[in-house]
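K.L.:
prediction below, plus the sequence it came from.
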Amino acid sequence: MATGVIQYKTEEEIDLMRAAAQLLARAHGEVASLVREGATTRQLDSRAEEFIRDHGAFPSFKGYNNFPHSLCLSPNSVVVHGFATDEPLRSGDILSVDCGVLLNGYHADSAYTYAIGEVSAEVQRLLTETKASLYKGIEQAVSGNRVGDISYAIQNYVGPKGFGVVRELVGHGVGAKLHEKPEVPNYGKRGSGPKLQVGMTLAIEPMITLGKKDVVQEKDGWTIRTRDKKPAAHFEHTVVVRKDRAEILTSFEFIEQALSSK
Ligand code: MG
Ligand code: MG
């Protein structure tokens, strides 16, 4: 996955990443306005790509290791890296929409999991608690802490609630490359791993399951699904490590606006 050393960003570089992240937040809002029962993930993918390109940017995932789409679209038991399809979304489904934007040489990366129509109470709880775990992780992204403090905070929030924490896929540094050092697992020990310093830019992304933590990869070489076929949720922000409080560069503001106006 990520190679090389940790890339600490200057404030000028962070300004460029903030611009990419703001465009990404708006792209997510565009997608959110189309997410409904009967829509296809191919429609969402097309809209995201069009919106990002219309704003002079590039969808980070398109062509990444030959990934064929602009979004990763992961319904129900698909954890991450799902393909766009012509299958209509149905009430009761959940759908993770993961998107990356490359603007002026810098990437931003974020993901949100939607409930389509009416979902069961346990699935709604999975979504609510996975999102909450993201912010528990982000709270730890301050200088002087270590990567393991982020990891532990996520695991320690969702694990005791009975959810599974996926091990095989992790968060990551992000910047001029989509995947940089360090890896940011969603499980781990407090006080372990690389030290966090101001200027580190991280994609923190809990991937949490309603059943067991084990995942399998499908024959397409991308799609990651839970082994027990139980649903999985995924939320992600791109953040900057700061002294007292992490700065969240991406935003769910436009998603939540679109959802509340439905
Ligand atoms: Mg992502
Ligand atoms: Mg990511």
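P.N.:
Looks like it arrived, so ask away. Ligands and ions are numbered 1, 2, ... in the order given.
K.L.:
can stretch 176-186 be said to contact ligand 1?
P.N.:
No: on the criterion C-beta under 5 Å from the ion, stretch 176-186 is out of touch with ligand 1, staying 8.5 Å away. In short, each C-beta sits where N, CA and C put it, glycine included.
K.L.:
count of residues packed around Asp244?
P.N.:
Residues lying near Asp244 (other C-beta atoms under 10 Å) number 6.
K.L.:
that one contacts Gly144, correct?
P.N.:
No: with contact defined as C-beta atoms under 8 Å, Asp244 does not reach Gly144; the gap is 10.1 Å.
K.L.:
beyond the longest helix along the chain, next helix or strand please.
P.N.:
Criterion DSSP state H: the longest helix present in the chain is helix 11-34. Note on helix 11-34: by DSSP states H and E, the next helix or strand toward the C-terminus is helix 41-54.
K.L.:
now the helices for the stretch 101-250 of the chain?
P.N.:
121-139, 147-158 (DSSP state H, counting those that start in this stretch).
K.L.:
which one of these lies closest to ligand 1?
P.N.:
Taking C-beta to the ion, helix 121-139 is the member of the helices of the stretch 101-250 of the chain nearest to ligand 1, at 11.8 Å.
K.L.:
tell me the buried residues in the closest one?
P.N.:
123, 125-127, 129-131, 133-138 (16 or more other C-beta atoms under 10 Å).
K.L.:
contacting residues around Pro59?
P.N.:
48-49, 52-53, 70-71, 99-102 (C-beta atoms under 8 Å, 6 or more residues apart in numbering).
K.L.:
buried ones among those?
P.N.:
The buried subset of the contacts of Pro59 (16+ other C-beta under 10 Å) comprises 48-49, 52, 70-71, 99-102.
K.L.:
got the confidence number for Met1?
P.N.:
The model reports Met1 with a pLDDT of 56.
K.L.:
numbering from 36 from now on, please.
P.N.:
In the new count, where the first residue is 36, that last one comes out as Met36.
K.L.:
number of nearby residues for the residue of the stretch 186-297 of the chain found nearest ligand 1?
P.N.:
Among the residues of the stretch 186-297 of the chain, Glu271 lies closest to ligand 1, at 4.8 Å counting by C-beta to the ion. Residues near Glu271, counting by other C-beta under 10 Å, number 24.
K.L.:
how far away is it from Gly152?
P.N.:
In this view, Glu271 and Gly152 are 24 Å apart by C-beta to C-beta, to the nearest Å.
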